[in-house]
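Colleague: Based on what follows, work out the 3D shape:
(2 chains)
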Amino acid sequence: MTAIAPSATVTRVIDARGSYCPGPLMELIRAIRETEVGDIIAVQSSDSGSRVDIPKWVEKAGHRLVRIANADGYDEIVVEKRR
Amino acid sequence: MKRIVIVGGGVGGTLVANLIARKLQQHIRGGQVTVTVVDEGGQHVYQPGFMYIAMGSEVAEDLVRPEWTLLDSEVRLEVGRVQRINEADQLVELEDGSRLHYDQLVLAPGARILPQEIEHFEAEAHHFYGPDAAQRLRNALDAFTGGRIVIGIASMPYKCPPAPLEVAFLIEDELRHRGLRDKAEIHFCSPIGRAFTIESVSEMATPILEDRGIELHTFFNVETIDADRRVITSLEGEEMGYDLLILVPPHKGQQFLIDSGLAPAPGGWLPTDRHTLQVGGRPNVYALGDATDLPLSKAGSTAHFEAPVVAERVAAAIQGIEPDARLGNYTGKVMCFFEVGDGKGTLLQFDYDHPPRPPRPNRLWHLGKIVFNKTYWHTVPRGRV
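Modeller: As a prediction, the model looks like this:
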């Protein structure tokens, strides 16, 4: 297990824990629509499916996957809005 | 005197009211309890029928009945539009100035359909989330002689998740029978990485899409409509031209819930406990149906199975007893039919812990859906199934 250190670069955190796939992805998409280019969004998800579907969507949509880290019972997937 | 107020006369609100009236019949007759349903129009609308208007097998008049005809005689009906929930004074405030005091509040006001949130939607796109829109889509299909049909989803969540796929299958079926199939392309745009949110359903539907020649486009979140070029663009940066465009419009929760501080903007979905259905930890406020933020289908079936849980908890609270541990616990149960065309359907039945295992599509489940739709008025609102 890797502890998730707070990051000064993260501009928005979405707590989607307890929501099932594709809930966390849809929360990220909503955040992408509401934020500015360059913003860093961290999605916290307890659904293992998010590790697959969020990076796939990020690649297709032209954003940047910053990191995926595992904490106590959830993943934090960090994405930079690129366009 | 204890007052129970239920906002919304749809599937959830009507069924909760009737179940509570049954549980508390003696208390109501004794004058110790009142049960009041507040509904904007006083009409109960069977929304699953809208899709069938678009498919040409249903008419709007058959999908509406006066709400009072479905309510237990012990339940009061107040026709009016809610403006605000005043939590401090435990009041439901209506736009006409009247106020209803509550001791127990049940929120079942449904979702809002907002096509106007996408520019050119109303001029360019069709949908089937209301009787008039569904009839316009029917007219457009009648006039269709060939070209590119695009079916997409403007945003999630939306009501009746299977409906866009069902429409794709049913239109493909219709075009084949009208001899137009070789003159038409059908494209299905999914906002996520597969055809349907639930993986097992997606695995069932994807081969049928392939078999019917319906092209699946994943990760296509419709962002804008270019009316001049007749093209939709996605958040992911793709474009798709259309001759006939069918889009699920944006959905949101009710504005009065946001204005009352009960639901966060911009979505307006009520933060609802997945088991107790209490709103934001409030002991005397419950939500069910489309208005909740639960990760479940926004469908009448969800409200149908949530209603007994709310009724159990509200009735127990009024009587000052603990709710039954089983009856007062929502397990996420949902059950709905899924049309795949060619006169066949399947059944989706699931809960929080058990994903659906849809049976191989057959004529039985299609007929099951038709029978259910026709007998709805005599069964679900009265708590007979």
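
Colleague: Quick check: residues of the stretch 201-350 of chain B near chain A?
Modeller: The stretch 201-350 of chain B comes close to chain A at residues B:219, B:221, B:235-237, B:267, B:274, B:295, as judged by Cβ under 8 Å from any Cβ of the partner chain. Placement of C-beta: from N, CA and C, glycine included.

Colleague: And the residue of the stretch 201-350 of chain B that's closest to chain A?
Modeller: residue B:236 (4.3 Å; Cβ to the nearest Cβ).

Colleague: Next, the contact list for the nearest residue to that residue once chain neighbours are set aside, please.
Modeller: Counting by Cβ to Cβ, 6 or more residues apart in numbering or on different chains, residue A:61 is the residue found nearest to residue B:236 once chain neighbours are left out, at 4.3 Å. If a contact means Cβ atoms under 8 Å, 6 or more residues apart in numbering or on different chains, then residue A:61 has A:32, B:219, B:235-237 as its contacts.

Colleague: same thing but at 7 Å, please
Modeller: B:219, B:235-237 (Cβ atoms under 7 Å, 6 or more residues apart in numbering or on different chains).

Colleague: I only care about these that end up buried; give me the PyMOL line for that.
Modeller: Remark: buried members of the contacts of residue A:61, expressed as a PyMOL selection using 16 or more other Cβ atoms under 10 Å in any protein chain shown:
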select buried, chain B and resi 219+235+236
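
Colleague: Switch the contacts of residue A:61 over to CSV; also include secondary structure, pLDDT and distance to residue B:197.
Modeller: Converted to CSV, the contacts of residue A:61 look like this (DSSP: H, G, I helix; E, B strand; the rest coil; pLDDT from 0 to 100; distance: Cβ to Cβ, whole Å):
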residue, secondary structure, pLDDT, distance to residue B:197
B:219, coil, 94, 13
B:235, coil, 92, 17
B:236, coil, 94, 18
B:237, coil, 93, 23
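
Colleague: now, among the contacts of residue A:61, which is nearest to residue B:346?
Modeller: Of all the contacts of residue A:61, residue B:346 sits closest to residue B:219, with 25.4 Å by Cβ to Cβ.

Colleague: now the residues of the stretch 201-350 of chain B next to chain A in a markdown table, with distance to residue A:44?
Modeller: Shown next, in a markdown table, are these (distance: Cβ to Cβ, whole Å):
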| residue | distance to residue A:44 |
| --- | --- |
| B:219 | 21 |
| B:221 | 21 |
| B:235 | 22 |
| B:236 | 23 |
| B:237 | 26 |
| B:267 | 18 |
| B:274 | 17 |
| B:295 | 15 |
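
Colleague: closest to residue B:247 among these?
Modeller: residue B:221 (11.4 Å).

Colleague: could you dump the helix or strand hosting residue B:232 to CSV, C-alpha only?
Modeller: Element membership of residue B:232 [criterion: DSSP states H and E] is strand B:231-234. Provided in CSV are the C-alpha atoms of strand B:231-234 (Å, rounded to 0.1, in the frame of the first residue of the first chain):
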residue,chain,number,x,y,z
VAL,B,231,-22.7,17.6,-36.8
ILE,B,232,-22.4,16.8,-33.1
THR,B,233,-19.1,17.2,-31.3
SER,B,234,-18.0,15.3,-28.2
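
Colleague: What lies in contact with that strand?
Modeller: With Cβ under 7 Å, 6+ apart, strand B:231-234 has contacts from B:150, B:152, B:220-226, B:239-242, B:245.

Colleague: now swap in stretch B:257-271 and tell me
Modeller: Residues contacting stretch B:257-271 (Cβ under 7 Å, 6+ apart): B:84-85, B:107, B:252-255, B:279-280, B:287, B:291-293.

Colleague: mind checking pLDDT for residue B:197?
Modeller: Residue B:197 carries a pLDDT value of 85.

Colleague: ditto for residue A:18
Modeller: pLDDT, read off for residue A:18, is 72.

Colleague: Could you pull up the contacting residues of the nearest residue to it once chain neighbours are set aside?
Modeller: Sequence neighbours aside, residue A:46 is the residue nearest to residue A:18 in space, at 6.2 Å (criterion: Cβ to Cβ, 6+ apart). Counting by Cβ under 7 Å, 6+ apart, residue A:46 makes contact with A:17-18, A:73-74.

Colleague: Next: residue B:62.
Modeller: If you count contacts by Cβ under 7 Å, 6+ apart, then residue B:62 has nothing around it.

Colleague: any idea where the strands of the stretch 201-350 of chain B begin and end?
Modeller: B:214-217, B:222-226, B:231-234, B:239-241, B:244-248, B:251-252, B:285-287, B:334-341, B:344-350 (DSSP state E, counting those that start in this stretch).

Colleague: taking those together, which one is wrapped up most tightly?
Modeller: Mean neighbour count (mean count of other Cβ atoms under 10 Å in any protein chain shown) peaks for strand B:285-287 among the strands of the stretch 201-350 of chain B, with a mean of 28.

Colleague: For chain A, what lies in contact range of chain B?
Modeller: Counting by Cβ under 7 Å from any Cβ of the partner chain, the residues of chain A lying close to chain B are A:19-20, A:22-23, A:25-26, A:29, A:33, A:53, A:56-57, A:60-62.
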